[in-house]
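K.L.:
What follows is a predicted structure for the sequence shown.
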Amino acid sequence: MKEKLLKKIDSPADLRKFDPKQLPEVCEELREYIIDEVSTNPGHFGASLGVVELTVALHYVYKTPYDLLVWDVGHQAYGHKILTGRRDKFHTNRRLKGISGFPKRGESEYDTFGVGHSSTSISAALGMAVAAGLKNENDRKIVAVIGDGAMTGGMAFEALNNASASKSDLLVILNDNNMAIDPNTGVIGQYLLNISKSHTYNRMKNDVWEGLGKLDGFGKKTRKLIQKNQHALKNMLLKQNNLFEAFDFRYFGPIDGHDVEYLADALNDLKDIPGPKLLHVVTKKGKGFKQAELDQTKFHAPGLFNKKTGEILSCGCLVDKAPKFQNVFGETLIELAEQNKKIVGITPAMPSGCSMNLMIKQMPDRAFDVGIAEQHAVTFSAGLATQGMVPFCNIYSTFMQRAYDQVVHDVATQNLHVVFCLDRGGIVGEDGPTHHGVFDIAYMRSVPNMIVSAPMDEIELRNLMYTAQLDEIGQPFSIRYPRGCGTKLNWKKPFEKIEVGKGRKLSEGDDLAILTIGKTGVFAQRAVKSLGRKNISAAHYDLRFVKPLDEELLTSVFKKYKYILTVEDGVIKGGFGSAVLEFMAENDFSAHVKVMGIPDKFIEHGTPDELYKLCGIDHKGIAKAALKMLGQ
Ligand SMILES: Cc1ncc(C[n+]2csc(CCOP(=O)(O)OP(=O)(O)O)c2C)c(N)n1
């Protein structure tokens, strides 16, 4: 790779030394750098490629870090990281002890706001803009960059609404690539496309835009006057027709997001325009890497790939050809929906991620991608359930945090039969603390009426899904399962009903009992074997349900064993182990109980194996804890 200019950029101040004419070359080098790095060290890909020019233009025009740049979601911020002093560390992206895959305040002064979850940028930037006003830092510029996908999240609109009331000096850049991870759903995407394509609209915009471009030659007063008049003109012409103008934002664009010099010019012009404004920038996700442009969903986060051919390399599962849990979910949902006409599927913008795309394709009128809108997804499911449908609402464990009130208020208080499928439960790995699904056991088990379950393997997942949709259930039922591949090669077995609240014994033993929930059962089985080699006989129970607990099973365990280990890949505080301890206390049992799980701190990024080990809940950690408990 040539990298002539890029290697001279150790901070945006270095970038600002270049002539505007050199910016296209910087972009070319930056793009190549991202391709080189992400093909060998996997991460998010297409989104960062799409904003190369925007990133360069922003750091060129604004005086970062004094001016504040807020990225939404943050998966598109690789170029930002590379330009802000992290070029040489970028090969550690998402690796244990390496830099984070998302902006993170502790990592750099250029990362103004920690992200990972969507649709937060306008709120955060507005907070910063208001703070700047209160501190009399009136020269400080605040910019939020938000994608068209993230714009479908309700929070973005809550922030727009509030920003218009506050009149703060804030620039929102709408990075419109007409895609989320999957194609955007709903009218917002279509609306943006319509604006971008409308000739009359663009002619009108250009007139206004050109006028603004000529303002430079005027004195301050005249400029203000012209701006005011143009705003009035724009208001008159556009207000009824433009969503953002209706929020009292001054709307500019749409402009080509891949013309870096033009972008820099436009940003320079906008810098001096006061109040809330929105610049609509049209980009292509995956820009500059053919395969990523062609298959934008696959190249959102493709894993390892060959940068010459674009071929995506295997996921590197330990168990050859074992299915991903998400695929078992996706295929099982269709099987169940074929048998039970009441079943509908709901996903907030993760159809490929959770494999509901299979049902959307096969049964388009019974499966819904509702946009990045977890809260709506849950209440929409609740509405469906009031009418006798059986919604399977699939939300990643971490994103369900957004919709907690909807779970409690709209589903649980009304005891509605909604099946929550929480994908990516437990440690998710390289995405790190914003994405680990470690709170769900605790947050679900504290909700009255909620059944809380976690399968240990794919067959259990199928059977729990089958059980959850039966009419006799009649209440909210949550099933959480992990990221990645399972262990069962032959998982497509006939459905079996699982009795709610019934665990199972997987190994007999005399010296201690290991109680697990979900995936940690697999680790425990390995631990049992290794303990066996040391002549320690450990019993292993997979509880399956955190709520209701299998009280009969627990009673027999507490009667027989003095030493008990509980293991979960969720937070220790308030989780499965806590439930077992509560049971012990309530029933006056006594035993040495060690609760193993995620400690009371945020777990950084790394591979799942590394992080499970770090938390001491992999098979070695479990065996070690057992030995220690037994004084060995
Ligand atoms: C609350 C929440 N839900 C879901 C996601 C998963 N997610 C990550 S990126 C993304 C799509 C974002 O689309 P857009 O904002 O248009 O950015 P693009 O990737 O197209 O640049 C989604 C759904 C998330 N990060 N946060």
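P.N.:
Done, it's in.

K.L.:
only C-alpha atoms for contact and neighbour calcs from this point on.
P.N.:
Will do.

K.L.:
Any stretches of the stretch 51-200 of the chain with poor pLDDT?
P.N.:
Where the stretch 51-200 of the chain drops to pLDDT under 70, the residues are 199-200.

K.L.:
Output the set of residues of it in proximity to the ligand.
P.N.:
73, 116-118, 146-150, 177, 179-181 (C-alpha under 6 Å from any ligand atom).

K.L.:
Closest one to E551 out of those residues, please.
P.N.:
Set against E551, the nearest of these by C-alpha to C-alpha is H117 (37.6 Å).

K.L.:
Which of the three states applies to the closest one?
P.N.:
When classified by DSSP: H, G, I helix; E, B strand; the rest coil, H117 comes out as coil.

K.L.:
Enumerate every residue touching it.
P.N.:
The neighbours of H117, taking C-alpha atoms under 8 Å, 6 or more residues apart in numbering as the test, are 72-73, 399, 434-435.

K.L.:
CSV for those residues, including neighbour count?
P.N.:
Converted to CSV, those look like this (neighbours: other C-alpha atoms under 10 Å):
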residue, neighbour count
D72, 28
V73, 21
F399, 24
T434, 18
H435, 23
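
K.L.:
Strands - which of those land there?
P.N.:
Per DSSP state E, strands hold no members of the contacts of H117.

K.L.:
Narrow those residues to those in helices?
P.N.:
Those of the contacts of H117 mapping onto helices are F399, per DSSP state H.

K.L.:
Counting neighbours, what do you get for whichever residue of the stretch 201-350 of the chain sits closest to the ligand?
P.N.:
Here the residue of the stretch 201-350 of the chain nearest the ligand is A349; by C-alpha to the nearest ligand atom that distance is 5.0 Å. A349 has 27 neighbouring residues, counting by other C-alpha atoms under 10 Å.

K.L.:
Low-confidence ranges, this structure, go.
P.N.:
For the chain (pLDDT under 70), the answer is 1-2, 199-240, 314-321.

K.L.:
residues in it within reach of the ligand, list them.
P.N.:
So the chain meets the ligand at 47, 73, 116-118, 146-150, 177, 179-181, 349-350, 372, 399 (C-alpha under 6 Å from any ligand atom).

K.L.:
distance of the residue lying closest to the residue of the stretch 201-350 of the chain closest to the ligand once chain neighbours are set aside from L58?
P.N.:
Of all residues beyond its chain neighbours, the one nearest A349 is G371 (4.6 Å), with distances taken as C-alpha to C-alpha, 6 or more residues apart in numbering. According to C-alpha to C-alpha, to the nearest Å, G371 and L58 sit 28 Å apart.

K.L.:
do the same with T64
P.N.:
Taking C-alpha to C-alpha, one finds T64 at 9 Å from L58.

K.L.:
cool, G570 as well?
P.N.:
40 Å.

K.L.:
Which one's more surrounded, those two?
P.N.:
Between G570 and L58, G570 has the larger neighbour count (other C-alpha under 10 Å), namely 27 against 22.

K.L.:
Make sure that one is indeed in a strand.
P.N.:
Yes. Under three-state DSSP, G570 falls within a strand.

K.L.:
Tell me how many other residues surround the spatially closest residue to it that is not a sequence neighbour.
P.N.:
Nearest residue to G570, sequence neighbours excluded (C-alpha to C-alpha, 6+ apart): V438, at 4.1 Å. Counted with other C-alpha under 10 Å, the neighbours of V438 add up to 26.

K.L.:
Over to K287?
P.N.:
K287 is flanked by 22 other residues according to other C-alpha under 10 Å.

K.L.:
if I read this right, it contacts I35, doesn't it?
P.N.:
No. Assessed by C-alpha atoms under 8 Å, K287 is found out of contact with I35, at 10.8 Å.

K.L.:
Give the helix, strand or coil label for E32.
P.N.:
Assigned with three-state DSSP, E32 falls in the helix class.

K.L.:
and it, how far is that from the ligand?
P.N.:
18 Å (C-alpha to the nearest ligand atom, to the nearest Å).

K.L.:
quick one: that residue and A301, what's the gap?
P.N.:
In terms of C-alpha to C-alpha, E32 sits 17 Å off from A301.

K.L.:
Kindly provide the distance from the residue nearest to G570 to T386.
P.N.:
For V438 relative to T386 (C-alpha to C-alpha), the value is 30 Å.

K.L.:
same thing with V546?
P.N.:
V546 is 26 Å from T386, where distance means C-alpha to C-alpha.

K.L.:
And for P323?
P.N.:
34 Å.

K.L.:
between the two, which one's more packed in?
P.N.:
P323 (19 against 15).

K.L.:
Thought C485 was touching the more buried one, still the case?
P.N.:
Yes. Using C-alpha under 8 Å, P323 makes contact with C485 at a distance of 5.4 Å.
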